[in-house]
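Q: Just need the structure, nothing else, for what follows:
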Amino acid sequence: MTRGDIAARLRHHLDPADYGPVAVPRIGDFDLNPDLRGVFPPDRVLRPAAVLVPLVEHPTGLTVLLTRRTEHLTNHAGQVSFPGGRIEPGDKDPVAAALREASEEIGLDRHYVSVAGFLDAYETSTGFHVTPVVGFLTPGFTLTPDPGEVAQVFEVPLDFLMDPANRQRQSRDYNGVQRYFYAMPYGEHYIWGATAGMLVNLATRLGKG
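A: Residues are numbered from 1 along each chain as shown. Just a heads-up that it's a prediction; the model follows:
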């Protein structure tokens, strides 16, 4: 698909009601696990967060830039993720948060990023309301990952991630409850959980679900 085709299929506008503390995400970990909600307090308040879904425009095709988090972090240690994190009080909106976090985590200069739109807000079982911001990256950038947060930065062809044949539905025990999740193994990298769920949402929007 071309850049224009992808951009046309994304959400293009956000209102503060879409990402504030009382907003309700459209999709999330509970889509595959409706019974898992009973493990958590019904009145828990989700923490607003944003991630950058970076699509790198190589002459040979688009890739998705991903990170592997360090093993000592409190949330999602060692997991493959998009650059991102909590929306801080100083962030104007999820776009500002996603670009700030990408700069802090991997040293990505925001001038290389052209924001195209948004995926559906995603609720994680760990209590985050995540707004995925899709951006096209012009090659030529230099990355300087923060060693305290990022163990590795790598790219995966978009076509691979959008192919349903490369998508698995797996499960594991979580506090006595069988939890289901999407997984997309790619070489040595195990892409799963919320990151895989957001990629499935991207595939659905691109008509490859």
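
Q: After the lowest-mean-pLDDT helix or strand in the chain, heading C-terminal, what element do we hit next?
A: Across the helices and strands of the chain, mean confidence by mean pLDDT, DSSP states H and E is lowest for helix 16-19: a mean of 83. Past helix 16-19, further along toward the C-terminus, the next helix or strand under DSSP states H and E is strand 27-28.

Q: and that following strand, average pLDDT?
A: Strand 27-28 shows a mean pLDDT of 96.

Q: which helices and strands does the helix or strand following that strand pack with?
A: The helix or strand immediately downstream of strand 27-28 is strand 47-58, counting by DSSP H and E. Contact here means 3 or more CB pairs under 8 Å, 6 or more residues apart in numbering; DSSP states H and E; on that basis strand 47-58 packs against strand 61-69, strand 84-86, helix 94-106, strand 113-118, strand 128-137, helix 193-205. Any C-beta I mention is one placed from the backbone N, CA and C, and that applies to glycine too.

Q: Adding mean neighbour count and distance to V45 as columns, could you present those in TSV?
A: Shown next, in TSV, are the helices and strands packed on strand 47-58 (neighbours: other CB atoms under 10 Å; distance: least, CB to CB, whole Å):
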stretch	mean neighbour count	distance to V45
strand 61-69	20	24
strand 84-86	20	13
helix 94-106	22	17
strand 113-118	19	22
strand 128-137	25	9
helix 193-205	22	18
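
Q: Okay, now the unreliable bits of this structure?
A: 72-77 (pLDDT under 70).

Q: about what we covered before: could the helices and strands packed on strand 47-58 be laid out in JSON lines, adding distance to R9?
A: What follows is those, written out as JSON lines (distance: least, CB to CB, whole Å):
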{"stretch": "strand 61-69", "distance to R9": "14"}
{"stretch": "strand 84-86", "distance to R9": "21"}
{"stretch": "helix 94-106", "distance to R9": "18"}
{"stretch": "strand 113-118", "distance to R9": "8"}
{"stretch": "strand 128-137", "distance to R9": "10"}
{"stretch": "helix 193-205", "distance to R9": "5"}
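
Q: H13: which of the ones you listed is closest?
A: Nearest of the helices and strands packed on strand 47-58 to H13, taken as CB to CB: strand 113-118 at 8.3 Å.

Q: coming back round to it: which positions within the least confident helix or strand of the chain qualify as buried?
A: Residues of helix 16-19 classed as buried by neighbour count (16 or more other CB atoms under 10 Å): 18-19.
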